[in-house]
Every structure is written in structure tokens, then in C-alpha cells.
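Participant: sequence first, predicted coordinates after that:
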Amino acid sequence: MVYLVGGGAGDPGLLTQAGTAVLKRAAVVVYDALVNPALLDLCPPDTEKIYVGKSAARHTLEQDRINALLVQKARQTAGEIAPTERVVVRLKGGDPYVFGRGGEEAQYLRTQGIHFAVIPGITAGIAGPAYAGIPVTHRDFTRTVTFITGHRKQAADDHEELPDSGLNYESLAALGGTLVFYMGVQALPEITRRLHAAGMAADMPAAVIQWATYPRQRTIVSTLAGLAAAARKAGIQAPAITIIGQVVNLRAELNWFESRPLFGKTVLVTRTRRQAGRLSTRLADLGANVIESPVIELVPPADEFAIDQALAQLNQYDCVVFTSPNGVEAAWRRMGELHLDARAFPRRVAAIGPATAEALRTIGITADLAPDEFIGEKLAAELIERLGDKGDLQGKQFLLLRADIARGELRRELIRAGAVVKDMAIYQTVAPKTLCAEAIEALRNGTVDWITFTSASTATNLHALLPPELRDRVARANRLSIGPITSAALCRLGWPPTVEATRHDIPGMIQALTIQAGSPAPPPPA
Ligand code: SAH
């Protein structure tokens, strides 16, 4: 079985659910140059990934060889211990049947008796204009949209095709609707000249969108007569979509993507591997190009036996307190391994703040206590008020499940109120072996605008992991700190924060960054 899958125009979110599902069970993925490599991360680790893009000239697989490869892989996969749910995926940018040779590949598969299915994708000619703020149709302006590419003639350059000299420009001009061209900027002078010669007005609005739907998207707006020169001047190169028609004017009103507050900014997110997601998602919502570089890894605590004992006797405590979402996750995972379920929890469960309470909710536990600010003292005060007898916790048994590097206020306050506190590290944090390659490259190139620090250890670990010659790159970028303790750590490293969040959590950081967006990077500290 071969699935011909459209990966969408670039933004990984444009992949369909059906596409996601088959990538998740791909034995083999055969993919092109215009596929966002991030999509390949959906595949299981053992998926064979074969690049057949046309841009790497020397590694180019001719179409015949691609066809043969698909057939060979399909037969191989079918030959495995049946019935297999693993499939061969032919992944293409945009939609497989829109100027993607998907039709030819499907025909060939059929002649070879190979079953195939097609999963459409969002083509660049629709997604690109949409992300540039241009609806391809609009009742006030056009009732037609035409997708055009050059003849099936291979150009020397990348994934480009040469314009079809046989194209009927008169009829295209006469349609009076939206024209969307998939092809290189090199062809622009000829296309625009011939459309004009065929009767299209010289001042017809026109735009070119490069790297559409990616964080590096660029849009040039001009007129039919001015477009080729404007694109050349701006240095527009492949891949790019050209759109010509009255609808282009709507961009002035509808440009949502490029006008988001963090559009064009690269933000390096330093967090634990697990946690990075939330911050990154919100930064991406605001238009940032997010690079996640985990600088903290969570590993089981040194004394796992003691933890196992505590978990097995959980309901003998009056209250168990979690001090981080990671703590909840680590405890729940270990409880699963010990064949314990939610019944093992004591009557009272407390969370240090909203994010930890949320983590508890995902495992079916509603925290009895979760202060809206996650500061140890505050939780202690609330615990004493709720569980104590007039400020007295005499004889009450507490279990604190925390990180190895947690601060001790909570414990001290509870003990002062008379409680018996057992305090355990449910996980420990260690630095990973290296920073991710993408982060190192971006720092080296000086393209990082902001770096986020969500704890003191994100700062110290980044410092430790960074090749020494890149330390001043961090100094030159803007640094966003979650709160005073993290800021102090940054100052000690010679990287004082550019901004500290007023609210010491992820939403607070997002808010601080939104306000700051657009401010230039500070000079490096002396
Ligand atoms: N099957 C693809 C098109 C392949 S032809 C689809 O449906 O989108 C290759 C051309 O598509 C490129 O030369 C360019 O014109 C266009 N294209 C693909 N992805 C693009 C992107 N992210 N931004 C701009 N143009 C893109």
C-alpha cells in the first residue's frame, strides 16, 4: 500500500489528520524538497526516510527511479510478517495532485498492481495567499481562480519549472479573475509582460509570496507592471507563489500572519524537553519562529527505592503536595509502573500553583488547594489555614514530592506550624549532553532575538552547554526571565535579563514578550 500524501504548504499544522495518521505508521517515507522536515518527526523512530528532492542535484532521483523505488518499497513492506499496518508514504509539498507529479506516480503504481490512496494537502496556491492576507476569491472581486504552472519541462534550478510558452495569455487575461502562478521568479518578467500584452491592466494588483506559511514568509505587493522589478529588487527566490488580481488589495485589511506581534522574531526556548511545548505553542501563536533547545532533562531520583515506598503508602499521609507539573508526571508514571492508580492518593492533594493543578487534573485529580500564584510561602499559608486547627498542623503528616533542586520555604513553614513533613525528590534534573544543533547554528549566525529562561537552572545549564565562543551571542540577544530567582542566576552569569515577567509563569512571560516585541537587542554587557 502506498499513500500519496500532501504535506501542506509548509506550516506543519496544515497537514491533515489523515496525513498525520499514515505518517505515524509509516514504514518508509519518500519525500520531496518542499516538504517541511518537521513533518518527518511524526514518523516512528524506525521509519526509513528517503529524500528524493530535486534540489540536491547530485542526489536527484529521476522520476522513473522514484516510481521504481515506491514499487520496491511497497512490495518489501507487504512482504513483512503479514498483516502489517506499516505503510509506504509518498509525501509531497502542498497537494500531491497539484503540479506535484502525483498523478504520474499513481498511474505507475496502478500498472504495477500496487494499491494506493491519496490524501490531499493544502496547496501552496491557496495556503500561501491565505497566509499573505489574500483570499483567492471574494464575491466583490472575482468568481474564478486559476492555478497555473509552466509546461512539464525541467528547469536547471531547484523545484522550478519553466513557463509554458504555449500558455494562452489572452484567455487568462480575459477571465478577469484571480491568477495564481506556481513558478519561479525568473519567469515573472515574461508572465507579466505577456499578460499585459494580452490586455490586462498595468495597474492590476499583484503579489509574490516567498516561503509561504513558514516563519520566514515574505510578501511583495506591486502591480502587474511593477511586480517583476519589485521581486528582483527584494531578492525573492524560490519557492514563491505569484498571485495577480483585484483580491490582492484585500491584503491591506486582512494581513493577519505577518502582522502578529512576534512575526519574524526567533525565540530560543530553553526548558525541559517535556515542558517546552506550552511556551513554544503560545510563542508560535504570536508569530515567533521558535527553536526549542532542552537544557534540562528529568531523570529518576537517586533513591528510587525510597520513592517507591512513599508512593506505596501514599494514603497514609494527610496531604500530598506537588510542587511542579513534572513532579505530577513523574509520580504518576512511577505509580503506573508499580500498578498503583488514583485510589492510592490520600484525601488531600495540593498543588503549588495553577500549572501543577492542571497536571493533576489530567490524571483525574482535582487539587484541594492550588494558589493562583505559585510561591511556596503562599501555599504553606493556605495549607495551614485549610488543614490546620487555628494555624496549628500538629501531628498532620505531609508528603512533599518535588524536584531535587526545589527551595525549602514550604517545608519550613509547615514544620513551624507543627506538621510532620516528609520531603522527597520525585525526579532529578540533569543537563543534557549537548544543545540542539539548530540552536547552536542560530546563535552562531546571530539570528536569535530572544532567549527564554524559566528557571535558574535553565540559565546555568545553558551556560554550561554553550560552546564558550557563543556566550557573547547570548549576551547580545534579548533575555526574558520568568522571575527574580532566575534573573539573579542570569546576572551571576553576566547575562542580566532584558525583561523579567511581572507574573512569574508562562502566561506572564508571554505577556512580557508581547509588550517588548519590536525593541532592539541591547548592547552586550561590559
Ligand atoms: N504540490 C505543490 C506544488 C509543487 S510545484 C503544492 O500543491 O503546493 C512547486 C512550486 O510550488 C514552487 O515553485 C512554488 O511556486 C510553489 N510552492 C510550494 N510551496 C511553497 C511555499 N511554501 N511558498 C511559496 N511557494 C511554494
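Facilitator: On my side now, so go ahead. Fair warning: this is a prediction, and the values are worked out from it, not measured in the lab.
Participant: okay, CA-based contacts and neighbour counts for the rest of this
Facilitator: OK.
Participant: what residues does this structure put near the ligand?
Facilitator: Proximity of the chain to the ligand (Cα under 6 Å from any ligand atom) is limited to residues 9-10, 34, 93-96, 98-100, 123-124, 159-160, 182-184, 209-213, 238-241.
Participant: now which of the residues you listed would you call buried?
Facilitator: 9-10, 34, 93-96, 98-100, 123-124, 159-160, 182-184, 209-213, 238-241 (16 or more other Cα atoms under 10 Å).
Participant: among the residues you listed, name the ones in helices.
Facilitator: Judged by DSSP state H, these include Ala124 as members of helices.
Participant: may I ask which helix or strand encompasses Leu400?
Facilitator: strand 397-403 (DSSP states H and E).
Participant: partners of that strand, with directions?
Facilitator: strand 319-322 (parallel), strand 420-430 (parallel) (DSSP bridges).
Participant: buried deepest among those strands, which one?
Facilitator: Comparing these by mean neighbour count (mean count of other Cα atoms under 10 Å), strand 319-322 comes out on top with a mean of 25.
Participant: and Leu179, that's in a helix?
Facilitator: No: counting by DSSP: H, G, I helix; E, B strand; the rest coil, Leu179 is not part of a helix but strand.
Participant: my read is that it contacts Ile243, right?
Facilitator: Yes: contact status for Leu179 versus Ile243: in contact at 5.7 Å, counting by Cα atoms under 8 Å.
Participant: residues touching the worst-scoring helix or strand of the chain on mean pLDDT, excluding its own?
Facilitator: Least confident helix or strand, the chain: helix 376-387 with a mean of 78, by mean pLDDT, DSSP states H and E. The contact list for helix 376-387, computed with Cα atoms under 8 Å, 6 or more residues apart in numbering, reads 352, 369-371, 391-393, 409-411, 413-414, 417.
Participant: ok, back up a step: more neighbours, Leu179 and Ile243?
Facilitator: Using other Cα atoms under 10 Å, the more surrounded residue of Leu179 and Ile243 is Ile243, with 29 against 22.
Participant: without its sequence neighbours, what residue ends up closest to the more buried one?
Facilitator: Val180 (4.5 Å; Cα to Cα, 6 or more residues apart in numbering).
Participant: can you show me the strands along the stretch 1-150 of the chain?
Facilitator: Along the stretch 1-150 of the chain, counting by DSSP state E, counting those that start in this stretch, strands occupy 2-6, 26-31, 48-51, 87-92, 116-119, 145-149.
Participant: let me have those in a markdown table, extended by mean neighbour count.
Facilitator: Below are the strands of the stretch 1-150 of the chain laid out as a markdown table (neighbours: other Cα atoms under 10 Å):
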| stretch | mean neighbour count |
| --- | --- |
| strand 2-6 | 26 |
| strand 26-31 | 24 |
| strand 48-51 | 15 |
| strand 87-92 | 26 |
| strand 116-119 | 17 |
| strand 145-149 | 17 |
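Participant: got those as JSON lines, with mean pLDDT columns?
Facilitator: Converted to JSON lines, the strands of the stretch 1-150 of the chain look like this (pLDDT from 0 to 100):
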{"stretch": "strand 2-6", "mean pLDDT": "97"}
{"stretch": "strand 26-31", "mean pLDDT": "96"}
{"stretch": "strand 48-51", "mean pLDDT": "94"}
{"stretch": "strand 87-92", "mean pLDDT": "96"}
{"stretch": "strand 116-119", "mean pLDDT": "97"}
{"stretch": "strand 145-149", "mean pLDDT": "94"}
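Participant: distance to Gly287 for the ones you listed - can I get that in a markdown table?
Facilitator: Formatted as a markdown table, those follow (distance: least, Cα to Cα, whole Å):
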| stretch | distance to Gly287 |
| --- | --- |
| strand 2-6 | 24 |
| strand 26-31 | 27 |
| strand 48-51 | 29 |
| strand 87-92 | 25 |
| strand 116-119 | 28 |
| strand 145-149 | 28 |
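Participant: mean pLDDT lowest where, among the strands paired with strand 397-403?
Facilitator: The minimum mean pLDDT among the strands paired with strand 397-403 belongs to strand 420-430 (a mean of 88).
Participant: burial measure for Gln511, as a count.
Facilitator: Gln511 has 15 neighbouring residues, counting by other Cα under 10 Å.
Participant: tell me how far it lies from Glu258.
Facilitator: 19 Å (Cα to Cα, to the nearest Å).
Participant: okay, now the domains of the chain?
Facilitator: 2-122, 126-254, 266-296+432-516, 318-425 (automatic domain parsing).
Participant: can you say which of those domains is nearest to Phe305?
Facilitator: Set against Phe305 and scored by Cα to Cα, those come closest in domain 318-425, at 11.2 Å.
Participant: ends of the closest one, what's the gap?
Facilitator: First-to-last distance for domain 318-425 - Cα to Cα - comes to 19 Å.
Participant: now that domain, how far from the chain's geometric center?
Facilitator: 32 Å (Cα atoms, centre = their mean, to the nearest Å).
Participant: contacting residues around the closest residue to Gln511 other than its chain neighbours?
Facilitator: Excluding the flanking residues, the one nearest Gln511 by Cα to Cα, 6+ apart is Ala501, at 7.7 Å. By Cα under 8 Å, 6+ apart, the contact list for Ala501 reads Leu480, Ser481, Ile482, Gly483, Gly508, Met509, Gln511, Ala512.
Participant: shouldn't Thr149 be in contact with Phe181?
Facilitator: Yes: assessed by Cα under 8 Å, Thr149 is found in contact with Phe181 at 5.7 Å.
Participant: now the angle from the lengthiest helix in the chain to strand 26-31?
Facilitator: Taking DSSP H as the criterion, the chain has its longest helix at helix 63-79. Angle, helix 63-79 to strand 26-31, by axes from the mean of the first three to the mean of the last three Cα atoms, to 10 degrees: 170 degrees.
Participant: buried ones in helix 63-79?
Facilitator: Buried residues in helix 63-79, counted by 16+ other Cα under 10 Å: Ile66, Asn67, Ala68, Leu69, Leu70, Val71, Lys73, Ala74, Thr77, Ala78.
Participant: pLDDT at the fourth one, what is it?
Facilitator: If I follow you right, that is Leu69. Looking at Leu69, the pLDDT reads 91.
Participant: same question, the first one
Facilitator: Taken from the predicted model, the pLDDT recorded for Ile66 is 90.
Participant: how about the nearest residue to it, chain neighbours excluded?
Facilitator: With Cα to Cα, 6+ apart, the residue lying closest to Ile66 is Val52, at 7.2 Å.
Participant: how many residues are close by that neighbour?
Facilitator: A count of nearby residues for Val52, using other Cα under 10 Å, gives 19.
Participant: got the phi and psi for it?
Facilitator: phi -120, psi 30 (degrees, to the nearest 10).
Participant: same thing with Gln313?
Facilitator: According to degrees, to the nearest 10, Gln313 has phi -110, psi 20.
Participant: low-confidence bits of this protein, can you list those?
Facilitator: Residue ranges of the chain with pLDDT under 70: 54-61, 79-84, 150-165, 184, 273-276, 373-376, 404-407, 518-526.
Participant: ranking by neighbours, what's the top pick from the contacts of helix 376-387?
Facilitator: That'd be Ile352 among the contacts of helix 376-387, by other Cα under 10 Å, with 26 neighbours.
Participant: make sure that residue is actually in contact with Val320.
Facilitator: No: Ile352 lies out of contact with Val320 (Cα under 8 Å); the separation is 10.9 Å.
Participant: which residues are common contacts for the two?
Facilitator: Here Ile352 and Val320 share no contacting residue, scored by Cα under 8 Å, 6+ apart.
Participant: please identify the helix or strand for the residue lying closest to Ala234 once chain neighbours are set aside.
Facilitator: Sequence neighbours aside, Ile220 is the residue nearest to Ala234 in space, at 7.7 Å (criterion: Cα to Cα, 6+ apart). Assigned by DSSP H and E, Ile220 belongs to strand 218-223.
Participant: and that strand, how far out from the chain middle?
Facilitator: So, by Cα atoms, centre = their mean, the centroid of strand 218-223 is 27 Å from its chain's centroid.
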